[in-house]
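Colleague: Have a look at this prediction, sequence included:
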Amino acid sequence: MHITHATVPGIGTVHHLDTREGDRLAVIVSRTGQHSLVLYDRADPDTPAHTVELDQQEADQLADLLHSRPLTDRLSEIERRLASLVPEARP
């Protein structure tokens, strides 16, 4: 996947994604915290075909779904790694 990022003055940040299969989409993160998922027309990759508006909670839920492992599993792994680096306190 090829990803480019750009700041749009007065709007926020747009992240354009081009997949190996030729699909094009964008994630727009506004300065107010609103997220938009834009799907482009395959026949004309410069023309948005559909936009999905997400609030912060919806964006977080979608991001969690897209992770390869659930958040709780990732946190548990971090805790295990930290425990191996920090010796236990001894009286």
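Modeller: Structure's in. What do you need? Residues are numbered from 1 along each chain as shown.

Colleague: Please name the nearest non-neighbouring residue to Gln56.
Modeller: Nearest in space to Gln56, with sequence neighbours left out and distances taken as Cβ to Cβ, 6 or more residues apart in numbering, is Gly33 at 5.1 Å. C-beta here means a position set from N, CA and C on the backbone, and glycine is covered the same way.

Colleague: For the one you found, give its distance to Ala59.
Modeller: For Gly33, the distance to Ala59 under the criterion Cβ to Cβ, to the nearest Å works out to 9 Å.

Colleague: and if you look at Asp73?
Modeller: Asp73 sits 20 Å away from Ala59, going by Cβ to Cβ.

Colleague: Same drill for these two, tell me which one is more crowded.
Modeller: A side-by-side neighbour count of Asp73 and Ala59, using other Cβ atoms under 10 Å, places Ala59 first with 18 against 11.

Colleague: and that one, which of the three is it?
Modeller: When the structure is reduced to helix, strand and coil (DSSP: H, G, I helix; E, B strand; the rest coil), Ala59 reads as helix.

Colleague: okay, now the closest residue to it other than its chain neighbours: neighbour count?
Modeller: Using Cβ to Cβ, 6+ apart and skipping the chain neighbours, the partner closest in space to Ala59 is His35 (4.1 Å). As a burial measure, His35 scores 19 neighbours (other Cβ under 10 Å).

Colleague: which residues touch His35?
Modeller: With contacts defined as Cβ atoms under 8 Å, 6 or more residues apart in numbering, the neighbours of His35 are Val27, Ile28, Val29, Glu53, Leu54, Asp55, Gln56, Glu58, Ala59.

Colleague: Which strand residues bridge it?
Modeller: Assessed by DSSP bridges, His35 has beta-bridge partners Val29, Leu54.

Colleague: swap in the one 4 residues further on?
Modeller: As for beta bridges, Leu39 partners with Leu25, His50 under DSSP bridges.

Colleague: All further residue positions should be reported with the first residue as 323.
Modeller: Done: numbering now begins at 323, and the last item shifts to Leu361.

Colleague: Which pLDDT value belongs to it?
Modeller: On pLDDT, Leu361 comes in at 95.

Colleague: biggest helix in this protein, by residue count?
Modeller: With DSSP state H setting the assignment, residue counts place helix 393-407 as the longest helix in the chain.
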